[in-house]
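Student: Predicted model, plus sequence, below.
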Amino acid sequence: MDFKLEYLDVLALDSIYNLLSFNERIDTHLYIRNKTEKLNPKSEKIFNWIKQNYWSPPETKYDGNKTLKFYNEKTESFENLEKYQTTYPKITKAVHEQLS
């Protein structure tokens with residue numbers, strides 16, 4: 001089955017900044033899996049922003065307590081995902097100004 005894997009980054013950015021509504025998130029999953037032909041406008045806007053800004057999601061993993069962690073290149077360690085926004089303030093500012 002052919003998936004639109006490049007759109008997974010939309011969901012990754014959403015997991016950090018909570019940009020999508022529940023329905024938009026579901027629609028994006030369906031689009032990635034080719035279950036619908038049209039992507040919702042918000043996800044399309046996020047996808048275009050990702051491409052224009054060359055953003056790529058950080059490496060992530062779940063710890064033993066099922067807490068999502070991201071790899072912080074500055075400290076070379078995994079930290080709680082909530083810290084991503086303060087660790088990368090320029091990205092956070094751009095996301096809030098252009099996507100919120």
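Tutor: Perfect, thanks for sending it. Numbers count the residues shown, from 1 in each chain.

Student: Could I get the full set of helices for the protein?
Tutor: 8-17, 22-32, 41-53, 84-87, 89-99 (DSSP state H).

Student: ok, and for the second one, which residues are buried?
Tutor: Looking back up the chat, that one is helix 22-32. 24-25, 27-28, 31-32 (16 or more other C-beta atoms under 10 Å). Every residue, glycine included, has its C-beta placed from N, CA and C.

Student: again, but for the third one
Tutor: Going by neighbour count (16+ other C-beta under 10 Å), the buried part of helix 41-53 is 42-43, 46-47, 49-50.

Student: Which one, of the helices of the chain, ends up nearest to residue 60?
Tutor: With C-beta to C-beta as the measure, helix 8-17 is the member of these nearest residue 60 (7.9 Å).

Student: And that closest one, what does it pack against?
Tutor: helix 22-32, helix 41-53, helix 84-87, helix 89-99 (3 or more C-beta pairs under 8 Å, 6 or more residues apart in numbering; DSSP states H and E).

Student: try it again with 10 Å
Tutor: Helix 8-17 sits against helix 22-32, helix 41-53, strand 60-62, strand 68-72, helix 84-87, helix 89-99, with contacts defined as 3 or more C-beta pairs under 10 Å, 6 or more residues apart in numbering; DSSP states H and E.

Student: State the mean pLDDT of that helix.
Tutor: Mean pLDDT, computed over helix 8-17, is 96.

Student: Just the buried positions in it, please.
Tutor: 9-17.

Student: before we move on, the earlier item: out of the helices and strands packed on helix 8-17, flag the one nearest residue 3.
Tutor: That would be helix 22-32 among these, by C-beta to C-beta, at 5.6 Å.

Student: Tell me the helices and strands packed up against that closest one.
Tutor: Right, helix 22-32 is packed against helix 8-17, helix 41-53 by 3+ C-beta pairs under 10 Å, 6+ apart.
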